[in-house]
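Student: Just a sequence and a predicted model for now, questions to come.
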Amino acid sequence: MAKKRQYEEDYLKYSFTSLVIVGIEKPQCVLCNVVLSAESRKPSKLKRHLETKHSKYTTKNLEFFRRHEAAMERQRLDVSGSFYQEKQALVQASYEVSLQIAKQKKPHTIEKLC
């Protein structure tokens, strides 16, 4: 059986935190919110992401990445699910507008003729 890597606090210096999706722990970049595959949890791959995608942040200290991690945590769903409720309402409104446009049988980009 292959050895699975566990998240280590050291990964934060490469701008990555841990995210659990369907019981699988995956690395997530705290700068761009990209979630990599579980196999990409090697320090060399995390460092390569930081150096290629965020080269201007390679000299930042650990506290910088901790602040970004805390900000990202605040953006995630809260326990009450209020963010989810708000998002669901927006999607419902979008569907209703799309339905009205389809009923009118006109393109959604109607230009005014002057």
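Tutor: Cool, got the structure. Numbers count the residues shown, from 1 in each chain.

Student: now the helices: where do they sit in the chain?
Tutor: Taking DSSP state H as the criterion, the chain carries its helices at 43-53, 62-75, 82-104.

Student: Name the surrounding residues that touch the first one.
Tutor: In this case it means helix 43-53. With contacts defined as CB atoms under 8 Å, 6 or more residues apart in numbering, helix 43-53 is touched by 10-11, 14-16, 27, 29, 31-32, 34, 36, 40, 57-58. Using the backbone N, CA and C atoms, a C-beta is placed for each residue, glycine as well.

Student: Restrict those to the buried ones and give me that as a ChimeraX selection.
Tutor: Here is the ChimeraX command that picks out the buried ones among these, judged by 16 or more other CB atoms under 10 Å:
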select :11,14,15,16,27,29,31,36,40
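
Student: Any stretches of the protein with poor pLDDT?
Tutor: Within the chain, the stretches with pLDDT under 70 are 1-7, 76-86, 107-114.

Student: Report the central residue of it.
Tutor: Asn33 (3.5 Å; CA atoms, centre = their mean).

Student: Quick one: residues contacting that residue.
Tutor: Contacts for Asn33 (CB under 8 Å, 6+ apart) come out as Met72.

Student: Got phi/psi on it?
Tutor: The phi and psi values for Asn33, taken as degrees, to the nearest 10, are phi 60, psi 10.

Student: Use 40 as the first number for this chain going forward.
Tutor: Let's use 40 as the start, then, which means that last one is Asn72.

Student: who's the closest residue to Ser79 other than its chain neighbours bridged to?
Tutor: Excluding the flanking residues, the one nearest Ser79 by CB to CB, 6 or more residues apart in numbering is Pro66, at 6.2 Å. Pro66 forms beta bridges with Ser57, as assigned by DSSP bridges.

Student: quick one: Pro66 and Lys142, what's the gap?
Tutor: 46 Å (CB to CB, to the nearest Å).

Student: coming back round to it: of the helices of the chain, which approaches Val59 most closely?
Tutor: The closest of those to Val59 is helix 101-114. By CB to CB, the value is 13.2 Å.

Student: CA-only coordinates of stretch 78-86 in CSV, if you can.
Tutor: Presented in CSV, the C-alpha positions along stretch 78-86 are these (Å, rounded to 0.1, in the frame of the first residue of the first chain):
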residue,chain,number,x,y,z
GLU,A,78,-0.9,13.7,-5.5
SER,A,79,0.5,17.2,-5.9
ARG,A,80,1.1,17.5,-2.1
LYS,A,81,4.8,17.1,-2.6
PRO,A,82,6.8,20.2,-1.5
SER,A,83,8.6,20.4,-4.8
LYS,A,84,5.3,20.7,-6.7
LEU,A,85,3.9,23.2,-4.2
LYS,A,86,7.1,25.3,-4.5
